[in-house]
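Peer 1: I'll drop the sequence and a predicted model, then ask my questions.
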Number of protein chains: 2
Amino acid sequence: MPINIPETGQKRIVIIGAGFAGLKLARKLKNEDCQLVLIDRNNYHQFQPLFYQVATSGLEPSAISFPLRKVFQKEKNVYIRVTQVTDIDPVKKQIQTAMGYVWYDSLVIATGATTNYFGMKGVIENGIPMKSVSEAVYLRNTLLLNFERAVTMRDPDELQSLLNVVVVGGGPTGVEVCGALAEMKRFVLPKDYPDLNFDLMQITLIEANPHLLHGMSSHSGDRSLVYLKKMGVNVLLDHRVTDYDGKTITLEDGKKLMTETLIWAAGVRGQIPDGVDPQFMTRGNRIKVNRFNQVEGMEGVYAIGDISFMETPKYPNGHPQVAQVALQQAINLGQNYIRKSKGKSPAEFEYEDKGSMATVGRNRAVVDLPFLRFSGAFAWLVWMFVHLMSIVGVKNRMLVFINWLWKYFTFDQSLRLILRPSKKAQERPL
Amino acid sequence: MPINIPETGQKRIVIIGAGFAGLKLARKLKNEDCQLVLIDRNNYHQFQPLFYQVATSGLEPSAISFPLRKVFQKEKNVYIRVTQVTDIDPVKKQIQTAMGYVWYDSLVIATGATTNYFGMKGVIENGIPMKSVSEAVYLRNTLLLNFERAVTMRDPDELQSLLNVVVVGGGPTGVEVCGALAEMKRFVLPKDYPDLNFDLMQITLIEANPHLLHGMSSHSGDRSLVYLKKMGVNVLLDHRVTDYDGKTITLEDGKKLMTETLIWAAGVRGQIPDGVDPQFMTRGNRIKVNRFNQVEGMEGVYAIGDISFMETPKYPNGHPQVAQVALQQAINLGQNYIRKSKGKSPAEFEYEDKGSMATVGRNRAVVDLPFLRFSGAFAWLVWMFVHLMSIVGVKNRMLVFINWLWKYFTFDQSLRLILRPSKKAQERPL
């Protein structure tokens, strides 16, 4: 059965995924003469850069999630369908979903990336990822529940294990979550749990590279290391995790670390929808595209954002999997569609690196601009401003801003709720 | 093993449940010379009167949930333990929990009430309750997901079934949720789902009594009926549900109603912790107490709030299970403890009915004060003010206020997220 979408006679562009890339493309094309079908498993867009603040009780899930239907309330040519893609048929030019099938003229795969566990079974089972709002909430619940358990723990080893947190992966997510945990440890947890001695709590960051923030400047990597150390985080550079059984982490050199909480932010891999032929995939489980984001060999199929892999002279090993690339590819693809409809030829994608940044904590951030690098309090303000402006929706922006102000002046994150699914949600998952 | 709580030599009062009653009592006694142990399954206090706004996307769960540790951050004699009570031993004067046992000098049972399905198996399985924040979130997810499913539904009967919502129980919760749904239907849903015809959507309220808001004045019952009818809600008074199979509701008179969403707000029953001897229970699954909220026959054991059943000359059939009774019983019990420690004799509980109120929607509420009843826009303002002032925490109060202002001026509820538990949360529930 086809999904119920009116036949308007317009060209139909189906976009799978409403992350940075998919959402941007849909917004870019919403006023063009075409029918847009936006498919996502969730009915909301997730603002990934702030997942770590949800995980550390700094922000509410709703503050960084925005209902897709709200975004396109005024658009008559945008059809949102909340479902899962189960197959792609490039010959018939249609995709199959849990709701039924949809034909397309153009198909844009923008399904992003998911956690890469590098095949380590123990980590898959026992580590905690942070690649969705729901996962961030699960992490928040785990962290808080471990402290509740620690309160009644008499065995010193088990107590230590409950208090310790190990973060694997020294990219922006890993650095940011460590910074936020260190601030919780210092400002919030001792007040909340007067019966626990938080001097015992060890926050450890493990990174396989010899420096943090791989992909940013060495200045930024060094500064973030200094910041984290000042904040009491143990940083293990040049170390690799090989196993984790839920209690003990084993490193490549045989060292062991005890923790009940392993946060896994060590890598991503393309989240390829079911039905894509393996011949189109390349390293990192990404889909190979040409300079126009076309998947060569599948007519009318494109891939943009983290899922796509494009080689250019400037980026012979592909682009970094970051929001800026996703946004720029979406804009370029949208413009090419408009160009084509005007009889013009499409433009090749060229990534313009506008810089990158990471925050470590209060008054501490690092910013790499193309011709300038800086760190400290001003970088932190820039970080906040840029992130605030990138959030979808005036109300969300306002809520995040109020939360940040509140936190800045009270040194408090007041969202420390262990909000578990209801009995019904467990018996009858939706 | 005993739970890890320091032995301070003080009298130990164990309170089970951090609802209105338990929380109030703990706050009342926090500066007294005693050790307070507050036990709850959740690490937060839930503000029940606004669950319906969470369920209808008006408020975020965190806006009406407040972390217990935050409430008692400054108190040295309050010990919070997040766990489940599994047994009570009034002879040894100790309770057993999932964490270990705790001895007590005084035990206060304040576990409140839960949904009463009156033994109807079909309703237990398929109806949706609204007695916790988690249940309210599940209801929100169900409502939104049904609309997403409706979008692709071609069969007219199934479509109708997905759009219909039936609420059972015409008390404040039922009336308020119907009002909120009617406003969603009018102001929000047609914009979000332009492909659906919301004229088809039927909101039905079923009440077994011949009038709404049983327990309030007939003026308020009548006004709320007028309001709901004006807002397009079908109200069936004097009707009883006998079965629901997930698709069809059967009424006592044989009538059938089709809906995929049955919200059950038809009654409550005491939520008695495991280990209370049935001899202490009375009608409505409540624990019988004397005028001092003592459970006669169990030394040092008290019950307050919805779980307690006290007969007084003014209330020979027990008190209504409302927040005001819970708060006043907590205050009286706390004062009696203080009186006792000063060698004074305790005071009998006497409920002072300060009035009750319910809101139906924008500018529409009913208020019963002891010597005055009124309804309309002013009643609505009073309702908002009283609820706002009752919320725990300055920040939550501010957030709720901003949300309400936003909603009032934009006619929008922007929290329409289907935020499901992560895969991990399903595989490894915490």
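Peer 2: Now that the structure is in, tell me what you want to look at.

Peer 1: Return the distance of stretch A:238-245 from the chain's centre.
Peer 2: Here stretch A:238-245 shows a centroid-to-chain-centroid distance of 22 Å under the convention C-alpha atoms, centre = their mean, to the nearest Å.

Peer 1: In it, which residues are buried?
Peer 2: In terms of neighbour count (16 or more other C-beta atoms under 10 Å in any protein chain shown), stretch A:238-245 has its buried residues at A:239, A:241, A:244. From N, CA and C alone the C-beta is placed, and that goes for glycine too.

Peer 1: among the residues you listed, which are in strands?
Peer 2: Cross-referencing those against strands under DSSP state E gives A:241, A:244.

Peer 1: quick one: contacts for the residue of the stretch 301-430 of chain A found nearest chain B?
Peer 2: Nearest to chain B in the stretch 301-430 of chain A, going by C-beta to the nearest C-beta, is residue A:422, at a distance of 3.7 Å. Residues near residue A:422 by C-beta atoms under 8 Å, 6 or more residues apart in numbering or on different chains: B:132, B:134-135, B:137-138.

Peer 1: again, only using 10 Å
Peer 2: For residue A:422, the contacting residues are A:428, B:128-129, B:131-139, B:141, B:421, by C-beta atoms under 10 Å, 6 or more residues apart in numbering or on different chains.

Peer 1: Which members of those residues are classed as buried?
Peer 2: Using 16+ other C-beta under 10 Å, the buried ones in these are B:128-129, B:131-139, B:141, B:421.

Peer 1: State the pair within the residues you listed that is farthest apart.
Peer 2: The distance between the two most remote of the buried ones among the contacts of residue A:422 (C-beta to C-beta) is 19.1 Å, for B:131 and B:421.

Peer 1: ranges for the strands of the stretch 201-350 of chain A?
Peer 2: Secondary structure of the stretch 201-350 of chain A (DSSP state E, counting those that start in this stretch): strands at A:203-206, A:234-236, A:241-244, A:248-251, A:256-258, A:261-264, A:268-270, A:281-282, A:286-289, A:301-303, A:308-310.

Peer 1: tell me the most buried of these?
Peer 2: Greatest average neighbour count among the strands of the stretch 201-350 of chain A goes to strand A:301-303 (a mean of 27), per mean count of other C-beta atoms under 10 Å in any protein chain shown.

Peer 1: Show me where chain A dips below the pLDDT cut-off.
Peer 2: Within chain A, the ranges that satisfy pLDDT under 70 run A:414.

Peer 1: Going along the chain, name the helices of it.
Peer 2: Using DSSP state H, the helices of chain A run over A:20-29, A:51-55, A:68-71, A:121-126, A:133-151, A:156-163, A:172-183, A:189-192, A:218-230, A:323-341, A:377-390, A:394-410, A:423-427.

Peer 1: ok, and what's touching the last one?
Peer 2: Counting by C-beta under 10 Å, 6+ apart, helix A:423-427 makes contact with A:420-421, A:430, B:125-129, B:132, B:134-135, B:137-139, B:141-142, B:420-421, B:425-426, B:429, all of which sit outside it.

Peer 1: For residue A:31, list the residues it contacts.
Peer 2: Counted by C-beta under 10 Å, 6+ apart, residue A:31 has contacts A:75, A:77, A:338.

Peer 1: check contacts around the first one.
Peer 2: Taking C-beta under 10 Å, 6+ apart as the contact definition, residue A:75 lies against A:26-27, A:29-31, A:36, B:194.
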